[in-house]
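*Asks:* got a sequence here, can you build the structure:
(chains A, B, C and D)
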Protein chains: 2
Amino acid sequence: MSGAARTNTRDIARAAVRAELAQVAFELFRQEGFAKVTLDDLAAAAGVSRSTFLRYFGTKEDAVLGAFNAHGTQVADALRARPADEDDWTALRRALDTVVERYRLDPTGSLAMTRLVQDTPALCARQLEKQHGWRPALVEALTERDDSSRSTTLIRSVRAAAALDCLNVALDHWTASNGHLDLVELLDEAFAALAPH
Amino acid sequence: MSGAARTNTRDIARAAVRAELAQVAFELFRQEGFAKVTLDDLAAAAGVSRSTFLRYFGTKEDAVLGAFNAHGTQVADALRARPADEDDWTALRRALDTVVERYRLDPTGSLAMTRLVQDTPALCARQLEKQHGWRPALVEALTERDDSSRSTTLIRSVRAAAALDCLNVALDHWTASNGHLDLVELLDEAFAALAPH
DNA sequence: GTCATATGTGACACTGAGTTTCATCCATGC
DNA sequence: GCATGGATGAAACTCAGTGTCACATATGAC
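*Replies:* Residues are numbered from 1 along each chain as shown, chains lettered A, B, ... in the order given. The predicted model follows:
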């Protein structure tokens, strides 16, 4: 029994193919618009069958949004790594630095990707859904950090949700400025607008 | 030219049919589950053709979520009606009372409806999308209330988004308690978790 | 009353997403 | 070489959503 977590040659190959397919899909979506590109188009452009494409990404949207799949647990992990005496809000802000870092590494690509998602209602909706799915993990991480009765699940849920909103709104303004404004500053402003006492 | 806003006999009839169709759909979804019911099932149950059903609700989801269509502008209007000297966060909290009132009027029905939405990923996603669409109207209302430079669009956007999160989280906990907990108290707690200084 | 028009409806065909099934191919281990 | 299992491709299928057309009915003008 090769453990499920074991990363073997096959998994690496799969990941490479997946990345390649995602790249092809992204280019096509940007050129033609998400709605105009069919699964057949994607498969043809990538040189695989429609079946194979759908095996890598369960849905058309996931060919784009699969890039964000790891963000949820990543932010949750970053949250757990914050000092125990830090308040929820500050810890959430700092945990989002892991996401911001991704945008800093490739501003041009990130800008194009973020625009594509924002300008495509179907992608926007799926993205919101995906982020909604991160909330439980964030709440759990917050709870592990401070199990005292000072806080409740409701409070942690609201803060986790609000933190993700801050990210989204900051990104909205970032793309609106063509990436000229500083994402870190925008995020700080967003967090400041809700800073709990 | 009969003005578009004019409510004539025809519009009233349409609204009645629409309400009837929504009711039938809701019952069917609750009994069978949203995914198991097809548009043909809905049309047959309602005694109309598939075409007609789709004319009333553009999508299957909208047969359920159409009930929330007015909420966006309703909250925005309530926001504009708040005293000018009230801070954003308090005004948002009070504006949501218009929504809470709907739940208070029919707790049983609201509970079933909210559960259906929460338990159906497709509906949950569409609901998030719909609420996301409310944000611009809320931001505009906040701006009209206080056009001073004390605040920015980014700040207002974050607060509007966070307020809706508060509502959603409060509703999560309300349904989890089978409607036993007080929605108003839950909402107050949620808002308190983010109270800006 | 009659005619013209507009609107609601149903029937139908069509596209495209996503699921499922099956056959085949190929790499790995024996 | 041979068996096995995972990856692929082909194809049929369901269903949501769009668009078109024909028909019926109700409303308004004369």
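
*Asks:* as a whole number, average confidence for stretch A:111-125?
*Replies:* With pLDDT averaged residue by residue, stretch A:111-125 scores 97.

*Asks:* what's it in contact with?
*Replies:* Under the criterion C-beta atoms under 8 Å, 6 or more residues apart in numbering or on different chains, residues A:26, A:29-30, A:33-35, A:61, A:64-65, A:67, A:103, A:127, A:171-172, A:174-175, A:178-179, B:125-126, B:128-129, B:132 lie in contact with stretch A:111-125. Every C-beta, even on glycine, is put in place using the N, C-alpha and C of the backbone.

*Asks:* buried ones in that stretch, by neighbour count?
*Replies:* Residues A:111-118, A:120, A:123-125 are the ones in stretch A:111-125 that count as buried (16 or more other C-beta atoms under 10 Å in any protein chain shown).

*Asks:* any idea how far A:Val24 is from the spatially most central residue of chain A?
*Replies:* When C-alpha atoms, centre = their mean is applied to chain A, the residue found nearest the centroid is A:Phe68 (3.4 Å). Separation of A:Phe68 from A:Val24 (C-beta to C-beta, to the nearest Å) stands at 18 Å.

*Asks:* still on that earlier bit, keep only those of the contacts of stretch A:111-125 that are in helices.
*Replies:* Taking DSSP state H as the definition of helices, the contacts of stretch A:111-125 contribute A:26, A:29-30, A:64-65, A:103, A:127, A:171-172, A:174-175, B:125-126, B:128-129, B:132.

*Asks:* drop anything exposed from those residues.
*Replies:* Of the members of the ones in helices among the contacts of stretch A:111-125, the ones counted as buried by neighbours, 16+ other C-beta under 10 Å, are A:26, A:29, A:64-65, A:103, A:127, A:171-172, A:174-175, B:125-126, B:128-129, B:132.

*Asks:* list just the nearest of those residues to B:Ala78.
*Replies:* Nearest to B:Ala78 among those: B:His132, at 19.0 Å, using C-beta to C-beta.

*Asks:* which parts of chain A are strands?
*Replies:* According to DSSP state E, chain A carries no segments that qualify as strands.

*Asks:* between the buried ones among the ones in helices among the contacts of stretch A:111-125, which is closest to DNA strand D?
*Replies:* Ranking those by separation from DNA strand D, with C-beta to the nearest atom of the strand as the measure, puts B:Arg126 on top at 8.8 Å.

*Asks:* roughly how far does the closest one sit from B:Asp77?
*Replies:* B:Arg126 sits 23 Å away from B:Asp77, taking C-beta to C-beta as the criterion.

*Asks:* any regions of chain A where pLDDT drops low?
*Replies:* Segments of chain A classed as low confidence (criterion: pLDDT under 70) are A:1-7, A:197.
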